[in-house]
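**Q** using only what follows, build the 3D model:
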Amino acid sequence: MRAALLTFLLLVLSLPARAETPNLSADQSGSPGAAAQLILAQRAYEQALAVGDPVLLITAIRLAREVTLRPPAGWRRTTAGASSPDQPEGAATAPDPAGSAAIALAQGLAGDDPDLQDLVYDLDAQLPHGRRPTAISTSATLDGGQSDSWLLVLPGETLAEIGLIGDGDSGLGMTVTDDGGGVVCAVPATASPSLCRFSPARNGFFQVTIHNGGAARNSYRLLGN
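**A** Okay, the predicted model is just below:
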């Protein structure tokens, strides 16, 4: 009996320690960063197209073009679930407010209004100047029923932003957990752009899980700061 008890205790003590609370700082304040700005731009862009508002569209384009994008370093992706080659495939990617197609749409919405046309022209001709905010950006594709897990390292006591932009063909859910399995952010499945903002209490690994619960393939962009 005593030997069995000692064996049990050794097994318990050998298990990895789990944090009782998620790796979150007591201070969750902070100004919006580059990833938040891109999510705001995407939401404004989609709203502008839905209602045909040229001023809102110009604002969205300006917000998106003010951010410099760079690829991630050290992010590791694993995919769970079988691929389905026969799934319906819609948009190849989400529309980009910083792309040339957005300028063409703004020109069309501006119509014959000379002031709006001047705004669009100035926006298209605007050259980058000064120091611009930088965001991390990467792209991937998920079939319906699949999940992607991205492993990344975040510094403690620094505001982190994780943004998700899908192509709109299905709803995507996003969950961020720390290295102890504690949930630090969870966004239910939605076709709209999503954003998680939080400050870790200490340096650590975090896992960003993206799930496609729909029946169609979805191409998404994952953003970070």
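**Q** residue ranges of the strands in this protein, please?
**A** Remark: strands assigned in the chain by DSSP state E are 68-70, 76-80, 134-142, 147-154, 160-165, 172-178, 183-190, 194-198, 204-212, 218-224.
**Q** show me what the fifth one is packed up against.
**A** Okay, so that is strand 160-165. helix 34-51, strand 172-178, strand 194-198, strand 204-212, strand 218-224 (3 or more C-beta pairs under 8 Å, 6 or more residues apart in numbering; DSSP states H and E). (Glycine included, C-beta is placed from N, CA and C.)
**Q** could you give the average pLDDT over the second one?
**A** In other words, strand 172-178. On average, the pLDDT along strand 172-178 is 97.
**Q** the third one now?
**A** Confidence over strand 194-198, taken as the mean pLDDT, stands at 97.
**Q** direction included, what does that strand pair against?
**A** strand 160-165 (antiparallel) (DSSP bridges).
**Q** repeat that for the last one.
**A** Taking DSSP bridges as the criterion, strand 218-224 sits next to strand 134-142 (antiparallel), strand 160-165 (antiparallel) in its sheet.
**Q** strand 76-80 and that strand, what's the angle between them?
**A** Interaxial angle, strand 218-224 versus strand 76-80 (axes from the mean of the first three to the mean of the last three C-alpha atoms, to 10 degrees): 150 degrees.
**Q** what's next to strand 218-224, contact-wise?
**A** For strand 218-224, the surrounding residues in contact (C-beta atoms under 8 Å, 6 or more residues apart in numbering) are 35, 38-39, 72, 75, 91-94, 135-142, 144, 150, 152, 160-167, 169-170, 172, 208, 210, 212.
**Q** looking at the protein, which helix or strand does the model trust least?
**A** helix 2-14 (a mean of 43; mean pLDDT, DSSP states H and E).
**Q** show me what contacts the nearest residue in space to residue 168 that is not next to it in sequence?
**A** Spatial nearest neighbour of residue 168, chain neighbours left out: residue 191 (5.0 Å); criterion: C-beta to C-beta, 6 or more residues apart in numbering. Going by C-beta under 8 Å, 6+ apart, residue 191 touches 166, 168, 169, 170, 171, 172.
**Q** what about residue 191, distance to residue 185?
**A** Noted for residue 191: a distance of 19 Å to residue 185, by C-beta to C-beta, to the nearest Å.
**Q** hang on, the earlier thing: which of the strands of the chain sits closest to residue 114?
**A** strand 68-70 (31.6 Å; C-beta to C-beta).
**Q** quick one: strands adjacent to the closest one?
**A** Strand 68-70 has the following strand partners under DSSP bridges: strand 134-142 (parallel).
**Q** return the alpha-carbon coordinates of the strand it pairs with using PDB.
**A** Coordinates of the C-alpha atoms in strand 134-142 are reproduced here as PDB (Å, rounded to 0.1, in the frame of the first residue of the first chain):
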ATOM      1  CA  THR A 134       4.600  47.800 -38.000                       C
ATOM      2  CA  ALA A 135       2.500  44.700 -37.800                       C
ATOM      3  CA  ILE A 136       3.200  41.100 -38.400                       C
ATOM      4  CA  SER A 137       1.200  39.400 -41.100                       C
ATOM      5  CA  THR A 138       0.900  35.800 -42.300                       C
ATOM      6  CA  SER A 139      -1.700  33.900 -44.400                       C
ATOM      7  CA  ALA A 140      -3.100  30.400 -44.400                       C
ATOM      8  CA  THR A 141      -6.100  28.300 -45.600                       C
ATOM      9  CA  LEU A 142      -8.400  26.100 -43.500                       C
END
